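Undergrad: the following block contains a protein sequence and its predicted model.
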Amino acid sequence: MLELVIVVVVVALIFDFLNGMNDAANSIATIVSTRVLSPRWAVLWAAFFNFAAAFGFGVHVANTIGKGIVDVLVVDEYMILAGLSGAILWTHFCTRFGVPISVSHALIGGLAGSALIKAGPGALVIPGITKVTLFIFVAPILGMLVSFVLITIVLWMVRKSSPDRVDKLFRLGQLVSSAAFSLGHGTNDAQKTMGIIALTLYTAGYLGDTFYVPFWVIISAHIAIGLGTYFGGWRVVRTMGMKLTALKPIGGFCAETASAVMLFGTAMAGIPVSTTHTIAGAIMGVGATRRLSAVRWGIAGRIIVAWLITIPAAAFVAGISYYVIELVRRIPLG
């Protein structure tokens, strides 16, 4: 039993690492595309603040993942392992081809898929899944609206300043806004892995009668996502920061600031939103203030399709993974 728990914890941290790799684009796309920092310094900057998010932001999202997606009474280590397998395989596939998916939704889809195969629809916590599904649409729309309003206000405030002065000011501002976004990213996304590890420990009896997130789990998850960000997925960075729309420092600042506000708000509310959805919506909102054609809507459309299929695709892969794991378990040894 202990060996299996260790395997699941290690696999969960691998997933967290891949989360950081795919979501590196979210943390650094705007600051790289505006050339405020080089890619290498940008990932170091983002990785540091991903880790710093371990301190002082609570575990509300971790509790939602641990208790609000599938019924804890049907959960076991094999089901979690299958769910993580589905999430990891789908995330790796999308990172390999430069598709900025929601790694959060890959994890939720993976859990749901393995739970469905093990125990049927009754294993799902419908209110929790409904809330997550709703924010597939709400997060990018709110990100777009907040960034649109923010950049409109900021442009009005600097309307009498010279372009060079504005550019220099918001290059410095982007260091702050990208740090805030990375804090929000670490706060929201690392907690999803914390929830999985804590759920594993709880179902195996290592947390006693009360579900909680041990401090060592918090630190481990933030180290893993920070390292993943450092070794980031460069194909995804190009898609998010260089293909979706052309950005200047003032636009990058507004997109990151709007996204950070969204991420902190949803993290405190315990809503596991997608950082990918949020920043992509914010980038489109900034681009739309110039003209609608400034956003490359064809690329945006392909990104949205990937968002919509992530939960069912990860669920499908996780369901197959659970079936394979059960077949292997039934093979007699010797």
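TA: Yep, it's here. Numbers count the residues shown, from 1 in each chain.

Undergrad: use CA for all of it now, contacts and neighbours both
TA: Fine.

Undergrad: so which bits of stretch 108-119 are buried?
TA: For stretch 108-119, the neighbour count (16 or more other CA atoms under 10 Å) marks 108-118 as buried.

Undergrad: let me redo that: stretch 275-291
TA: Going by neighbour count (16+ other CA under 10 Å), the buried part of stretch 275-291 is 275-289.

Undergrad: flag the shaky bits of the stretch 201-334 of the chain, pLDDT-wise.
TA: Within the stretch 201-334 of the chain, the stretches with pLDDT under 70 are 232-247, 290-303, 307, 333-334.

Undergrad: that one: helices as residue ranges?
TA: Assigned by DSSP state H, counting those that start in this stretch, the helices in the stretch 201-334 of the chain fall at 215-230, 234-238, 249-268, 275-288, 297-329.

Undergrad: just these: most buried one?
TA: When you average the neighbours per residue for each of these (mean count of other CA atoms under 10 Å), helix 275-288 leads with a mean of 28.

Undergrad: need the buried residues of stretch 108-119 in a markdown table with distance to Ala52 and pLDDT, can you?
TA: Shown next, in a markdown table, are the buried residues of stretch 108-119 (distance: CA to CA, whole Å; pLDDT from 0 to 100):
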| residue | distance to Ala52 | pLDDT |
| --- | --- | --- |
| Ile108 | 25 | 87 |
| Gly109 | 28 | 91 |
| Gly110 | 28 | 92 |
| Leu111 | 28 | 91 |
| Ala112 | 30 | 92 |
| Gly113 | 33 | 94 |
| Ser114 | 33 | 94 |
| Ala115 | 33 | 93 |
| Leu116 | 36 | 92 |
| Ile117 | 38 | 92 |
| Lys118 | 37 | 92 |
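
Undergrad: specify which member of those residues is nearest to Ala306.
TA: Gly109 (13.3 Å; CA to CA).

Undergrad: ok, that closest one touching Ser85?
TA: No - under the criterion of CA atoms under 8 Å, Gly109 makes no contact with Ser85, lying 10.9 Å away.

Undergrad: which residues are in contact with both of the two?
TA: Shared contacts of Gly109 and Ser85 (CA atoms under 8 Å, 6 or more residues apart in numbering): Ala318.

Undergrad: which residue packs closest to Leu81, ignoring adjacent ones?
TA: Excluding the flanking residues, the one nearest Leu81 by CA to CA, 6 or more residues apart in numbering is Val8, at 5.8 Å.

Undergrad: no more questions from me, cheers.
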